[in-house]
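Engineer: Attaching a predicted model along with its sequence, questions to come.
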Amino acid sequence: MDKSNFDRIWDLAVKKVHNSLTSEEENEWEGVSDSEQTGDILKQVEQIHQKSSKSFLMKSINKEKNWNYIHGKINKTPKIRQLYIDIAKYAAVFMVAVFLGILIPRSFIFKPQEQALNKVEMDWGQMGKIFLSDGTQVWLNAGTTLEYPASFDKKTRTVSLNGEAQFKVTHNKKIPFEVETSTGIIKVYGTTFNVASYDDDSEMTVTLVEGKVTVEKPNGDYLTALKPSEQLTINKVSGKATLRYVDTEFYSSWIEGKILLEETELSDLVKILERWYNVDIKIMDEEISNLKISGTISKNKPLDLFLKIVERMYGVNYKLVIKPNNKDEVLIYKNEVPMI
């Protein structure tokens, strides 16, 4: 493809995405839309359009005019080597993104001729929610990392997860939605489910709220299917899988800023509190590690308040150590706090 045709396809792709093709241009587009290179160019344009569609500056900026202006500057670049042309083109993509005021996630990986990936990382003590390009909603718990395409293609809807997330997947019976973790692959077509798979946890847990999901091993081998209110737990070391019925509210209430506890061991509760409040917690007496706690934790309440309740109800004491240059530390003891 010569340069003039290449540039023409870029112009047509921009107008295609913005629904501004004339009838003559529609016919011209039909004549070139089947080529692989046209498909690659269209994907790149769609990625920027997808990112810019939610920008608060969209109403006051003519996206197509600015795109064509910057692309026109590229056309005037001396053609020393095609490599330089490609570099300028991809640089312009980012210039358009910045000019339009796009809020780009913490890491944006742009791979020429491949699908662009977004990477969202929630810090400890933070939670968030995002919408994927197909309308799927994802709630992200503290310390969670999610990688996902800027826009899904016509064959796959795949994301990668480390941490905990709840998915409300937009139904599409032709294209499955897949969540890849280090322990397994969760495959659905449209449903609501929760996945907890932190790298430092010994187990991965999949809890189905509604619909149906199947779970596969990392190599793609079928493992099992879940029905509503079923929970699958996989031991990361032994690979042993356990299926049971649960009250799903206990595993999805965190998206509303609360955690319901029912006979939860103190050692497990400590992990939740560390992630939610971004603190280090140490159980100083091993014999209270399996102490079972019931109740509700609210994210909008201070950690100190919850610890005082535990202290009064379960016969333990705690000491809060403030560390200005590091995470604060909570020490939990049986009975009275020793003199330090």
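Structural biologist: Perfect, thanks for sending it.

Engineer: which residues touch stretch 275-282?
Structural biologist: By C-beta atoms under 8 Å, 6 or more residues apart in numbering, the surrounding residues in contact with stretch 275-282 are 123-125, 141-143, 259, 270, 273-274, 297, 299, 303, 327-332. All C-beta atoms are positioned from the backbone trio N, CA, C, and that covers glycine.

Engineer: from those, which would you call buried?
Structural biologist: 141-143, 259, 270, 273-274, 297, 303, 330-332 (16 or more other C-beta atoms under 10 Å).

Engineer: In strands only, show me the contacts of stretch 275-282.
Structural biologist: Judged by DSSP state E, these include 259, 297, 329-332 as members of strands.

Engineer: Asp285: which of the residues you listed is nearest?
Structural biologist: When the ones in strands among the contacts of stretch 275-282 are compared for distance to Asp285 (C-beta to C-beta), Ile332 comes out closest, at 7.9 Å.

Engineer: what sits against the closest one?
Structural biologist: For Ile332, the contact set (C-beta under 8 Å, 6+ apart) comprises 266, 270, 281-285, 288, 316-318.

Engineer: which two in those residues are spaced the farthest apart?
Structural biologist: Taking C-beta to C-beta, the two most distant members of those are Val270 and Asn317; they sit 15.0 Å apart.

Engineer: Could you dump the contacts of Ile332 into a markdown table with pLDDT and distance to Thr192 added?
Structural biologist: Below are those laid out as a markdown table (pLDDT from 0 to 100; distance: C-beta to C-beta, whole Å):
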| residue | pLDDT | distance to Thr192 |
| --- | --- | --- |
| Leu266 | 90 | 30 |
| Val270 | 90 | 28 |
| Ile281 | 91 | 31 |
| Lys282 | 92 | 36 |
| Ile283 | 91 | 34 |
| Met284 | 89 | 40 |
| Asp285 | 88 | 40 |
| Ile288 | 87 | 36 |
| Val316 | 88 | 36 |
| Asn317 | 88 | 40 |
| Tyr318 | 89 | 36 |
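
Engineer: what helices or strands is the helix or strand harbouring Arg8 leaning on?
Structural biologist: Counting by DSSP states H and E, the element that carries Arg8 is helix 3-17. Taking 3 or more C-beta pairs under 8 Å, 6 or more residues apart in numbering; DSSP states H and E as contact, the helices and strands that helix 3-17 lies on are helix 23-32, helix 36-52, helix 63-75.
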